[in-house]
Every structure is written in C-alpha cells, then in structure tokens.
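# the following comprises the amino acid sequence and a computationally predicted model.
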Amino acid sequence: MQAKFNPLQVIINPPGIQFGMPGDTIELYVVVINQGDQSAVIDLYFVFDEVFQI
C-alpha cells in the first residue's frame, strides 16, 4: 500500500504549546505551502478549547 501524498505543507512557528497570561500577546505564525500541481483556496481556522481559556 502506498502512502497518500499530502500536497499541503504547514509550518507553525514557534512550534509546540505557547503559554501566556491574561492580557499577554502571543504571536503565532502559520505558513501553508501548496506543493500540488493545482491551485488551491485554503481557509485557516483556529479553535481554542477550554485549556486555552483557563
């Protein structure tokens, strides 16, 4: 069985979990690279769960 090729590469900087206190500013950079042979429209959604809100 061949591995499925994913034409999108996602780079998150800084990697890993980011910590902050209320009122802090946290910067998160996301780069999405289309490595496929077709154009793409890419929507990014950020979901913050209860752990984020504490």
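Right, received. Where do you want to start?

# alpha carbons only for contacts and neighbour counts from here, please
Noted.

# could you list the low-pLDDT ranges of this structure?
By pLDDT under 70, the low-scoring segments of the chain are 1, 49-54.

# mind checking the SS state of Val30?
What DSSP: H, G, I helix; E, B strand; the rest coil gives for Val30 is strand.

# I'd say it and Asn13 touch.
Yes. Taking contact to mean Cα atoms under 8 Å, the distance of 6.5 Å between Val30 and Asn13 places them in contact.

# residues contacting the closest residue to Tyr29 other than its chain neighbours?
Closest residue to Tyr29 in three dimensions, ignoring its sequence neighbours and counting by Cα to Cα, 6 or more residues apart in numbering: Asn13, at 5.1 Å. If a contact means Cα atoms under 8 Å, 6 or more residues apart in numbering, then Asn13 has Leu28, Tyr29, Val30 as its contacts.

# also Ile33?
The contact partners of Ile33, taken as Cα under 8 Å, 6+ apart, are Leu8, Gln9, Val10.

# parallel or antiparallel, list what pairs with the helix or strand hosting it.
Taking DSSP states H and E as the criterion, Ile33 maps to strand 29-34. Using DSSP bridges, strand 29-34 pairs in its sheet with strand 8-13 (antiparallel).

# residue ranges of the helices in this protein, please?
All helices of the chain, identified by DSSP state H, fall at 50-53.

# how near is Lys4 to Ile42?
Separation of Lys4 from Ile42 (Cα to Cα, to the nearest Å) stands at 19 Å.

# cool, and Tyr29?
Between Tyr29 and Ile42 the computed distance is 15 Å (Cα to Cα).

# and Gly20, what does it touch?
The contact partners of Gly20, by Cα under 8 Å, 6+ apart, come to Ile26.

# give the contact list for the closest residue to Gly36 other than its chain neighbours.
The spatially closest residue to Gly36, leaving aside those adjacent along the chain, is Pro7, at 4.6 Å (Cα to Cα, 6+ apart). For Pro7, the residues meeting the contact criterion (Cα under 8 Å, 6+ apart) are Asn34, Gln35, Gly36.

# so how far is Leu28 from Pro7?
23 Å.
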